[in-house]
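Engineer: Structure for the following, please:
(chains A and B)
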Protein chains: 2
Amino acid sequence: MKKLKIILASQSPRRRELMEMLGIPFEIKVSDTDEIVTDTDPAAVTIELSRQKAAAVSALIDEGIVIGADTVVAWQGEILGKPRDREQAVQMITNLQGGAHMVYTGVTIWVKDRDGESHHSFAEGTKVRVAAMSEREIEDYVQSGEPYDKAGGYGIQGVFGKYVEGIEGDYYNVVGLPVHRLYEELKKLKFFKN
Amino acid sequence: MKKLKIILASQSPRRRELMEMLGIPFEIKVSDTDEIVTDTDPAAVTIELSRQKAAAVSALIDEGIVIGADTVVAWQGEILGKPRDREQAVQMITNLQGGAHMVYTGVTIWVKDRDGESHHSFAEGTKVRVAAMSEREIEDYVQSGEPYDKAGGYGIQGVFGKYVEGIEGDYYNVVGLPVHRLYEELKKLKFFKN
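Structural biologist: Numbering: from 1, shown residues only, chains lettered A, B, ... in the order given. Below is the predicted model of the structure:
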């Protein structure tokens, strides 16, 4: 296969940093999508959304490999979105503290060249254990403002890190991209020499 | 207890970033130590070394809380130091790939005030699983130059990240400081309101 350029279909500065760990050149291009979800399983939802993001960018280019990604926090099988207000942020952190939850990132690799298009998707899950937090600790964290732009109301790499007892799985998957798995998948496309 | 200032006895920029996750002010002060090791158990060695680092800085100050830390990579119960040359780096990565190893960080909290001194230490372990790597991948990684200043010959947060299948435990412990555990220990010293 001819070497196609890689395009990350995400504006997230965190995902860009994670892509850089792969050590290969890539561009960033995003396109608005409607984000239509038909599934309820958290991992399946991330796959659907990653596919929509990749498809939307793929439609803008003649050829290339587009990588779409979507990350969700799942608590007791339900997806926690971004908290809308203080009350919702407090509720999310209250739910997550003192137990384990899952973070899923779905990835779609969309290959487009002159011969046509093909794509495949996968989702990776990482378990995150959060320490028991007092009401004051929860209030202090919400007060920091960090929860509002984050699915599940927290960011593992910020000041919330001190409440994370441990994880099982790929840390970078929690940040926004399953770096090892993505590397393996790109190797199958001959993007790296074995 | 009166609030004493916190001093991190480490020059590592990574440890400084991890300390910042605690959200409290701290200073950095280091002092040369001889690093005398009497133990062979990896976790015990990190505790010994963290205590020596904390003690050396404590000797320079009138009062304060000194935090010393030491991180090692343990493979089959043996400590892997920093590789001296290319050959050693290749050997270390060859050993670590395709299996799991442990990373231990030992921490000593040394409290010194007008009434006297006290200190206590702990070690935290995190399991790291590294994917199987080809000879070419190992050569490429060593070629990047990253192994040479790193215990065990790799840094999880660098380009090696793509070879890490997953971890069990505190990710930040692998980077150099068990942030959650340290937070809990400092809470016991009333450094954070509950």
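
Engineer: In terms of helices and strands, where is the residue most central in space within chain A?
Structural biologist: For chain A, residue A:71 is the residue whose C-alpha lies nearest the centre (CA atoms, centre = their mean; 2.9 Å). Using DSSP states H and E, residue A:71 falls within strand A:64-75.

Engineer: Packing partners of the helix or strand just after that strand?
Structural biologist: Using DSSP H and E, the helix or strand that follows strand A:64-75 in sequence is strand A:78-80. Applying 3 or more CB pairs under 8 Å, 6 or more residues apart in numbering or on different chains; DSSP states H and E, one finds that strand A:78-80 contacts helix A:42-58, strand A:64-75, helix A:86-96. No exception for glycine: its C-beta is placed from N, CA and C like everyone else's.

Engineer: Any buried residues in the shortest one, and which?
Structural biologist: Looking back up the chat, that one is helix A:86-96. Neighbour-count burial for helix A:86-96, counted by 16 or more other CB atoms under 10 Å in any protein chain shown, picks out A:88-93, A:95-96.

Engineer: now for the helices and strands packed on strand A:78-80, which one comes closest to residue B:22?
Structural biologist: Of all those, it is helix A:86-96 that lies closest to residue B:22, at 17.7 Å by CB to CB.

Engineer: Tell me the residues of chain A that contact chain B?
Structural biologist: Within chain A, the residues that sit near chain B (CB under 8 Å from any CB of the partner chain) are A:18, A:21-23, A:126, A:131, A:134, A:136-137, A:144, A:156, A:158-159, A:161-172, A:179-180, A:182-184, A:193-194.

Engineer: Among those, which ones are in strands?
Structural biologist: A:126, A:164-169 (DSSP state E).

Engineer: How many residues are close by the closest residue to residue A:42 other than its chain neighbours?
Structural biologist: Nearest residue to residue A:42, sequence neighbours excluded (CB to CB, 6 or more residues apart in numbering or on different chains): residue A:74, at 3.8 Å. Other residues within reach of residue A:74, judged by other CB atoms under 10 Å in any protein chain shown, total 20.

Engineer: how close does residue A:74 sit to residue A:36?
Structural biologist: Using CB to CB, to the nearest Å, one obtains 19 Å as the distance from residue A:74 to residue A:36.

Engineer: same question, residue A:54
Structural biologist: In this view, residue A:54 and residue A:36 are 14 Å apart by CB to CB.

Engineer: Pick out whichever of those two has more residues nearby.
Structural biologist: residue A:54 (30 against 8).

Engineer: from memory the more buried one sits against residue A:66, does it?
Structural biologist: Yes. With contact defined as CB atoms under 8 Å, residue A:54 counts as touching residue A:66 (4.6 Å).

Engineer: overlap in contacts of these two?
Structural biologist: Overlap of the contact sets of residue A:54 and residue A:66 (by CB atoms under 8 Å, 6 or more residues apart in numbering or on different chains) consists of A:9, A:108-110.

Engineer: Farthest-apart pair in these, please.
Structural biologist: Of all pairs in the shared contacts of residue A:54 and residue A:66, the most separated under CB to CB is A:9 and A:109 at 10.5 Å.

Engineer: Give me the common contacts of the two.
Structural biologist: Both residue A:9 and residue A:109 are contacted by A:54, A:66-67, under the criterion CB under 8 Å, 6+ apart.

Engineer: of these, closest to residue A:5?
Structural biologist: residue A:66 (9.8 Å).

Engineer: check contacts around that closest one.
Structural biologist: The contact partners of residue A:66, taken as CB under 8 Å, 6+ apart, are A:7, A:9, A:29, A:54, A:57-58, A:108-110, A:112.

Engineer: Sort out for me which of the residues you listed are in strands.
Structural biologist: Of those, the ones assigned to strands by DSSP E are A:7, A:108-110, A:112.

Engineer: pLDDT below threshold where in chain A?
Structural biologist: Chain A contains residues with pLDDT under 70 at A:1-2, A:192-194.
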